[in-house]
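> Provided below for reference: sequence and predicted model.
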Amino acid sequence: MELGVLLWMVLTLMGSTTAQHDQYSGAVDWLSRYGYLPRPDPRTSKLLTKEGIENAIRVMQRFGGVQETGVLDSATLKLMSTPRCSLPDIIGSEDMMKRRRRRKRYALSGLKWHKTDLTWSVHSYPSPSTSPGLHNNLVDNILTYAFKAWSNAAPLRFNQVARGSRAEGDIRVSFSQLLHNDGYPFDGRGGTLAHAFFPFTGDLAGDTHFDDDEVWSYGGGSSSTDLFTVAVHEFGHALGLSHSSSDPSIMRPYYQGPVGDIINFELALDDRLAIQQLYGVKDDNQ
């Protein structure tokens, strides 16, 4: 009997240790994916240290607005499991990262469109089997109001390219699954929701991709994801904004739920200042 109890304790401890190792390993991958940790490189002796990982956790906690402990506590693990944008939170050098943390404000990618009249096009829509409540016209309307959130704050104009036209918009929208040839594969339902590429001269400039495995909806809900909220966030990237640690801000990397009335939605001050820093302040007559 005592031997059986001892064996049960050993096996339980081994299982717990394995689970903790898997959890820790998954967290390191997460921190690397979103810019908090450099990728280890044995060729240059750039290996991850315990102190480096703890510091990365602290930066992640500070950026995400949870208590800064440097350990993988329950609040941190919960935040790591929250659905979010695929793009990294930290872009640039460690010095730039420190300056952004001190300022506690919006972050710019350093890239912008050199025009204010932009076109957009939809190249694929949500699958009816996954998001049955979103017909194509409703998707177009939701995306139109998502663009309007930015044009209400800055002198920008967005025009949709007619569906079926051979012309492509400056900002190209699509709903894709898993690997879709852009370096940011989706991961099925939950996890990463969408991503967009900053303005630049490459082929992917402005491209905005939504994970078609998600259940997209108008208004969100307990088992679906609000398309409008995510679209406003991703279009911010397509216009040149990075992730923000400010609260409230639509550019926080984590899914924040539906905003309510999309017709009268207004950006938070942080987001208005960010887009105006890039494109100027909208004149009342515009």
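Happy to help now that I have it.

> first-to-last residue distance for stretch 189-205?
The first and last residues of stretch 189-205 sit 26 Å apart, counting by C-alpha to C-alpha, to the nearest Å.

> nope, stretch 213-230 is what I was after
Span of stretch 213-230 from end to end, C-alpha to C-alpha: 15 Å.

> cool, stretch 192-202 as well?
End-to-end distance for stretch 192-202, by C-alpha to C-alpha: 23 Å.

> give me the low-pLDDT residue ranges for the chain?
1-21, 39-47, 92-107, 109, 201, 284-286 (pLDDT under 70).

> show me where it has strands.
84-85, 117-122, 157-160, 171-176, 192-196, 208-211, 216-217, 225-226 (DSSP state E).

> dump these into a markdown table; add mean neighbour count and distance to Gln23 as well.
Where you see a C-beta, it was placed from the backbone N, CA and C, and this is true even at glycine. Below are the strands of the chain laid out as a markdown table (neighbours: other C-beta atoms under 10 Å; distance: least, C-beta to C-beta, whole Å):
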| stretch | mean neighbour count | distance to Gln23 |
| --- | --- | --- |
| strand 84-85 | 24 | 18 |
| strand 117-122 | 18 | 39 |
| strand 157-160 | 16 | 43 |
| strand 171-176 | 23 | 29 |
| strand 192-196 | 24 | 19 |
| strand 208-211 | 25 | 24 |
| strand 216-217 | 24 | 30 |
| strand 225-226 | 22 | 25 |
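
> wait, which of these is closest to Tyr254?
Nearest to Tyr254, of all those, is strand 84-85, at 4.7 Å by C-beta to C-beta.

> what distance separates that closest one from the middle of the whole chain?
3 Å (C-alpha atoms, centre = their mean, to the nearest Å).

> how many neighbours does the nearest residue to Asp211 once chain neighbours are set aside have?
Among residues not flanking Asp211 along the chain, Phe186 sits closest, at 4.1 Å (C-beta to C-beta, 6 or more residues apart in numbering). For Phe186, the count of nearby residues is 23 (other C-beta atoms under 10 Å).

> can you give the contact residues for stretch 131-147?
120, 122, 125-126, 158, 160, 163, 173, 214-218, 224, 227-228, 231-232, 235, 262-263, 265 (C-beta atoms under 8 Å, 6 or more residues apart in numbering).
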